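A.B. asks: the following comprises the amino acid sequence and a computationally predicted model.
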Amino acid sequence: MINFAGLEFIFRFLPIFMIIYWFIPSGYRDAFLFLGSIIFYASGARLFVILLLVLVFLNYLFGEMVWVMPGRRRKVQQRQMLIAIVAVDVLVLVVFKVLALKIRASLLPLGLSFYIFKMISYQADLYTGKMHKRPSFTQAAAYFTMFPQIAQGPIMRFSQGWLEKPTNIRRQTVYMERSVSLQKIEDGLTFFAMGLGMKVLIADRLGILWNEIVKIGFESISTPLAWLGAVGYSLELYFDFWGYSLMAGGIGLMLGFRFIQNFIHPYAACGISDFYRRWHATLGSWFRDYVYIPLGGSRRGSAAVIRNLMLVWLLTGFWHGGTFNFIIWGVVLGLLIVWEKFVVRGLLEAVPLIGHFHVIILIPLTWVIFAITDLKELGIYFSRLFPFFSTGVAVNPGDFAKYIGIYWPFLAAGILLCVPVFYNLLIWKRRNPVVIAFLLLVFWVSVYFASISAGNPFMYFSF
C-alpha cells in the first residue's frame, strides 16, 4: 500500500481516508491525518514505525524547549536544546545510512532522509522565531508524518501547511483553516492522474530499457546504445520522481494544503545551477536555508563560497546514498556549479545556449554516475560513452536500432513533457472537456498497466 501507483492504495486506502477526512470536524483532522499516516507507513515499513514514533515524540518534546517567542532573546539553554535534538536527528540518519551500506540495504527505514530533514527544519524554525505560537502535538506529529510526503517528500516546511503569516493589523500568527472544496478535489485528482501516468506509462517503461542494458552488460553495448541508456535513465528518474511529486501534491490539495511544487521544468534550465534550483526544489531550498546560508552563503568571498558549495554538494551526495559513486556525483556537481559561477559565468550570460548545452549533455552523464554504484562498471560505461581508447562503437553495432525501435514512443513522450509549454498546456486547460477526457484515459490505462505489472516502487524510496 505504500506505493502510490499500487491498486490497493488507489482504490482502498486513499478513498476511505479521504471520505472520513472530509466529513469529520476540522478540529480533528490533524489527529486523523497523524493516525492515517502511521497506518500508511506501517503497511510498508512495519519494523520501523516504532523508530518514527520515537522521533516524533522526541522532536516535539525538544521543540517545546527550543521554541523562542519572536522578539525575545534566545537563551543558552534553548541553543543547547537545539544542538542536542539536531545532533540526535543527524546521528540517527547517519547510523542507519551506514548500517544499510555495510550490512543490508533493507536496514534503511523508509523515508528516513525526508522526515529527518522536516524535523530539523522544524527545530530551526522554532529557534529562529519563525513561529509566533507553539504548535500542538497533533499539528507537529501530522506535519512530521503526513503520508503524501513521508516516503519521498516533498520536504514541506511547517509554515507552508499550518501557519499563516501575520498582517500589519493582526500581529499574531494564526493557524490556517485548511478548507476543502470541490475545486481543490478536482485539481488534486488532475495532478494525481498526471503523476500516475508519468510514473506508470513513462518512467516504468523506460526503466525496462535501463534494466535491459544492465542485463546485457556494459562491456557488450555500443556507444549509441550507451548514450541512449544515459538519456533513458535520466528521463526515467525524472518522471518517476516528478510523477510522485505531482501525486503527493495532488493528495495534499485534496487534504486542503497548498500545492508544493517540487519540479519546475529542470530540463529547460540555462545551466547546472539553474537545473538544481528547479530539480527537487524543496531539497535544494532546504540545503540553502539550513546549511549554505548558516555557513555564510555568498557573503564571505570567493574562497568561502567555493568551500560552502562543495560542502553542500558533499552532503547532498551522502544524503542520496553512502556508496562512493554518490560522493563522486556530489563532488562533480559541486565542481560544475563552481565552474559556471566563477569561470564561465560571463559567457553563459552572453550566450545562454551554452547553459542549455550543459544541461542536455552534462546532466545525463552525471545521472550515469548516480545510477551505477560499482566503480569498475562505471568506468566501463564511460568507456562506451567515450570510445576514444576502446571499441565501444564497434560492439554490437545493431543494438541501438533494436532498442530505439522499441522505446522511441516513451522517449518521445518524455522529451515532449520536458518542454514547459506542453505540460503547462495541460494545466492551463485542465477544466477543458477534452483534457479531462484525456486525463481519464491516462488514469485508466495507467491502472491497467499497474494491474498487470509487478508494482515497481518509486526510485527515491531507497533514499
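C.D. replies: Received it, and whenever you're ready, just let me know what you need.

A.B. asks: what is the neighbour count of residue 132?
C.D. replies: Summarising burial for residue 132: neighbours were counted as other Cβ atoms under 10 Å, giving 16. Where C-beta positions appear, they are placed from N, C-alpha and C, glycine not excepted.

A.B. asks: that one contacts residue 70, doesn't it?
C.D. replies: Yes: here residue 132 lies in contact with residue 70, judged by Cβ atoms under 8 Å, at a distance of 5.6 Å.

A.B. asks: if I look at the residue lying closest to residue 327 once chain neighbours are set aside, how far off is residue 310?
C.D. replies: The shortest distance from residue 327 to any residue other than its chain neighbours is 4.8 Å, reached at residue 317 (Cβ to Cβ, 6 or more residues apart in numbering). With the distance defined as Cβ to Cβ, to the nearest Å, residue 317 ends up 11 Å from residue 310.

A.B. asks: mind listing the shared neighbours of the two?
C.D. replies: Both residue 317 and residue 310 are contacted by residue 331, under the criterion Cβ atoms under 8 Å, 6 or more residues apart in numbering.

A.B. asks: out of the two, which sits in the busier spot?
C.D. replies: Set side by side, residue 317 and residue 310 give different neighbour counts by other Cβ under 10 Å, the larger being at residue 317 (24 against 17).

A.B. asks: can you give me phi and psi for that one?
C.D. replies: Dihedral angles phi and psi of residue 317 (degrees, to the nearest 10) take the values phi -60, psi -40.

A.B. asks: check residue 444 too.
C.D. replies: Residue torsions, per degrees, to the nearest 10, at residue 444 are phi -70, psi -30.

A.B. asks: burial check on it, number of neighbours?
C.D. replies: Other residues within reach of residue 444, judged by other Cβ under 10 Å, total 11.

A.B. asks: quick one: it and residue 143, what's the gap?
C.D. replies: From residue 444 over to residue 143 the distance is 34 Å, taken as Cβ to Cβ.

A.B. asks: same check, this time on residue 66
C.D. replies: Summarising the geometry, the distance separating residue 66 from residue 143, computed by Cβ to Cβ, is 15 Å.

A.B. asks: what's the answer for residue 404, then?
C.D. replies: Distance check for residue 404 against residue 143: by Cβ to Cβ, it reads 46 Å.

A.B. asks: of these two, which one has the most company?
C.D. replies: More crowded of residue 404 and residue 143, by other Cβ under 10 Å: residue 143, with 27 against 15.

A.B. asks: tell me what the helix or strand where the more buried one lies is packed against?
C.D. replies: Under the criterion DSSP states H and E, the helix or strand holding residue 143 is helix 137-145. Packing partners of helix 137-145 (3 or more Cβ pairs under 8 Å, 6 or more residues apart in numbering; DSSP states H and E): helix 29-44, helix 49-66, helix 112-127, helix 158-161.

A.B. asks: select, out of those helices, the one closest to residue 10.
C.D. replies: helix 29-44 (13.1 Å; Cβ to Cβ).

A.B. asks: what angle do helix 112-127 and that closest one make with each other?
C.D. replies: When axes from the mean of the first three to the mean of the last three Cα atoms, to 10 degrees is applied, the directions of helix 29-44 and helix 112-127 differ by 150 degrees.

A.B. asks: what about the closest residue to residue 63 other than its chain neighbours, how many residues close to it?
C.D. replies: Nearest residue to residue 63 in three dimensions, chain neighbours excluded: residue 126, at 5.3 Å (Cβ to Cβ, 6+ apart). Counted with other Cβ under 10 Å, the burial measure for residue 126 works out to 26 neighbours.

A.B. asks: for residue 442, same thing?
C.D. replies: By other Cβ under 10 Å, 18 other residues sit near residue 442.

A.B. asks: most packed of the helices and strands packed on helix 137-145?
C.D. replies: With neighbours taken as mean count of other Cβ atoms under 10 Å, these reach their highest mean count in helix 112-127, at a mean of 23.

A.B. asks: other SSEs contacting that helix?
C.D. replies: The elements that helix 112-127 packs onto, with contact taken as 3+ Cβ pairs under 8 Å, 6+ apart, are helix 49-66, helix 76-102, helix 137-145, helix 158-161, helix 281-287.

A.B. asks: what's the closest of those to residue 179?
C.D. replies: Relative to residue 179, the nearest member of the helices and strands packed on helix 112-127 by Cβ to Cβ is helix 158-161, separated by 13.4 Å.

A.B. asks: now the closest one - C-alpha only, CSV.
C.D. replies: Once non-C-alpha atoms are left out, helix 158-161 reads as follows in CSV (Å, rounded to 0.1, in the frame of the first residue of the first chain):
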residue,chain,number,x,y,z
PHE,A,158,5.7,23.6,8.8
SER,A,159,4.7,27.2,7.9
GLN,A,160,3.6,26.0,4.4
GLY,A,161,0.9,23.8,5.9
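
A.B. asks: average pLDDT for it?
C.D. replies: Per-residue pLDDT values over helix 158-161 give a mean of 88.

A.B. asks: state which helix of this protein is the longest.
C.D. replies: Secondary structure of the chain per DSSP state H: the longest helix is helix 223-255.

A.B. asks: got the angle between that helix and helix 137-145?
C.D. replies: Following the same axes, to 10 degrees, one obtains 170 degrees for the angle between helix 223-255 and helix 137-145.

A.B. asks: could you point out which element follows helix 223-255?
C.D. replies: The C-terminal neighbour of helix 223-255 among helices and strands, as given by DSSP H and E, is helix 272-278.

A.B. asks: other SSEs contacting that following helix?
C.D. replies: The criterion is 3+ Cβ pairs under 8 Å, 6+ apart, and the helices and strands that helix 272-278 contacts are helix 324-338.

A.B. asks: where in this structure is pLDDT low?
C.D. replies: Using pLDDT under 70 as the threshold, the predicted model of the chain has low-confidence ranges 1, 163-177, 389-394, 454-463.

A.B. asks: what are the structural domain limits within it?
C.D. replies: Here the chain is described, according to automatic domain parsing, as comprising the domains 7-178, 183-462.

A.B. asks: could you find the closest non-adjacent residue to the residue nearest the centre of the chain?
C.D. replies: When the chain is reduced to its mean C-alpha position, the closest residue under Cα atoms, centre = their mean turns out to be residue 280, at 4.8 Å. For residue 280, the nearest residue in space outside its immediate sequence neighbours is residue 262; the separation is 6.1 Å by Cβ to Cβ, 6+ apart.

A.B. asks: how much space between the one you found and residue 417?
C.D. replies: Look at residue 262 and residue 417: by Cβ to Cβ, they are 15 Å apart.

A.B. asks: tell me which of the two has more neighbours.
C.D. replies: For residue 262 versus residue 417, neighbours defined as other Cβ under 10 Å are more numerous around residue 262 (25 against 21).

A.B. asks: quick one, what contacts that one?
C.D. replies: Residue 262 makes contact with 153-154, 241-242, 245, 248-249, 280-282 under the criterion Cβ under 8 Å, 6+ apart.

A.B. asks: just give me the closest of those residues to residue 20.
C.D. replies: After measuring these against residue 20 - Cβ to Cβ - the closest member comes out as residue 248, at 19.6 Å.
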